[in-house]
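Visitor: here is my input, please return the structure:
(one chain, ligands or ions: 1)
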Amino acid sequence: MKILGILASHQEHGLNAQMLDQVLENVDSDVETETIYLENYDITPHKYHEKNPVLDDLTQKLSESDVWVFAAPTYWRELTGVLKNFFDCMRPKFVYFKENGDTIPGQFKNKHYLSITSCYVSPLENFLTGVTDESFKTIDRVMTAAGVIKVGEIVLPGTFGMKEIPYNKKKLCQKYAKKISVKKRKDDSTVKRYIQLFFMIAVMALITMGIQIPLRPWVSGNFWLNYISFTVIFFVLLACILHFVTFVKHRRR
Ligand SMILES: Cc1cc2nc3c(=O)[nH]c(=O)nc-3n(C[C@H](O)[C@H](O)[C@H](O)COP(=O)(O)O)c2cc1C
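Guide: Next up, the predicted model:
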């Protein structure tokens, strides 16, 4: 088993590098690791009929690894340019094109990835405004297209003036190191998702019935009014919860 760290910061020994090191140094002893610093590569798009040894080399490294760990700070509330450029240039390797232009996952399907990012803004501001969300979202978008499965996220806000990663983040990196050391099945979160869905529905049904109690004088005894009020309340709650899990689900602290 091999884990590849992909560092995409302007700083080779900055905070993202430290978090990546902390993950890679704490994987199980039988797991091989390698780190690539993207700034060291002259990554350019693949031109038709021309060889691109840099992309071939990077493709080889991605191929040999079971888990990829992306470590990229947030720049301008977005993913770093160097990682975005890497994703753009690797597109023909990440996805195959169907005749109608749709994409399907390419050769890396069912590998796994972990994302790491950081930002200057404080934990509270990041929690409220989600400065680092876009970095995670861009990685997720590309990896979803490539069929690569997410293991988790690590975020470090409040980095202004920080020289060393704090103890709690070291611990979190170590926790993920253990998690990614184990060879995963293709997608082992299906059961987890069904359990989450069950509890979401159970809680929403409970809240909906709770909200209906004060409406009893108007709706009780009338099946259709009862049914319509339940459906409307349940729908609003479902829309809110889906918005939360799809847009606000990224780790911010
Ligand atoms: C070009 C650039 C843009 C940045 N934009 C933001 C930003 O929009 N919001 C923010 O909170 N921090 C921003 N930062 C701060 C970085 O996120 C911060 O320097 C990062 O934590 C450093 O990580 P490193 O030590 O791994 O390089 C920016 C830094 C640079 C160099």
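
Visitor: how far away is Ser29 from Ala177?
Guide: Distance, Ser29 to Ala177, by C-beta to C-beta, to the nearest Å: 11 Å. (C-beta placed from N, C-alpha, C; glycine too.)

Visitor: who's more crowded, those two?
Guide: Ala177 (21 against 5; other C-beta atoms under 10 Å).

Visitor: does stretch 246-253 reach the ligand?
Guide: No - judged by C-beta under 6 Å from any ligand atom, stretch 246-253 stays clear of the ligand, getting no closer than 11.7 Å.

Visitor: please enumerate the strands of the stretch 101-250 of the chain.
Guide: Using DSSP state E, counting those that start in this stretch, the strands of the stretch 101-250 of the chain run over 103-105, 112-118, 149-156.

Visitor: quick one: which of the ones you listed is nearest Gly81?
Guide: strand 112-118 (13.9 Å; C-beta to C-beta).

Visitor: any idea of the pLDDT on Val248?
Guide: Val248 carries a pLDDT value of 63.

Visitor: typo on my end, it should be Lys192
Guide: So, for Lys192, pLDDT stands at 83.

Visitor: state the distance from it to the ligand.
Guide: Lys192 sits at a distance of 31 Å from the ligand (criterion: C-beta to the nearest ligand atom, to the nearest Å).

Visitor: can you name the residues in contact with whichever strand or helix holds Phe86?
Guide: Per DSSP states H and E: Phe86 is located in helix 81-94. Outside helix 81-94, the residues within contact range by C-beta atoms under 8 Å, 6 or more residues apart in numbering are 6, 8, 38-39, 43-46, 55, 58-59, 62, 70, 72, 75, 78, 105-108, 138-139, 142, 145-146.

Visitor: now it: how far from the chain's centre is it?
Guide: Distance of helix 81-94 from the chain centroid (C-alpha atoms, centre = their mean, to the nearest Å) equals 16 Å.

Visitor: could you point out which element follows that helix?
Guide: strand 95-97.

Visitor: within the sheet, what are the partner strands of that following strand, with directions?
Guide: strand 103-105 (antiparallel) (DSSP bridges).

Visitor: tell me which residues in the partner strand are buried?
Guide: Pro105 (16 or more other C-beta atoms under 10 Å).

Visitor: mind starting the numbering at 12 from now?
Guide: With the count now opening at 12, the last piece we talked about shows up as strand 114-116.

Visitor: what about Pro134, neighbour count?
Guide: Pro134, neighbours per other C-beta under 10 Å, totals 14.

Visitor: how many neighbouring residues does whichever residue of the stretch 12-161 of the chain sits closest to the ligand have?
Guide: Nearest to the ligand, among the residues of the stretch 12-161 of the chain, is Gly25, at 2.3 Å (C-beta to the nearest ligand atom). For Gly25, the count of nearby residues is 18 (other C-beta under 10 Å).

Visitor: what's the distance between it and Trp87?
Guide: As judged by C-beta to C-beta, Gly25 and Trp87 stand 17 Å apart.

Visitor: residues in contact with the closest residue to Ala188 other than its chain neighbours?
Guide: Sequence neighbours aside, Asn37 is the residue nearest to Ala188 in space, at 3.5 Å (criterion: C-beta to C-beta, 6 or more residues apart in numbering). Taking C-beta under 8 Å, 6+ apart, we find Asn37 in contact with 184-185, 188-189.
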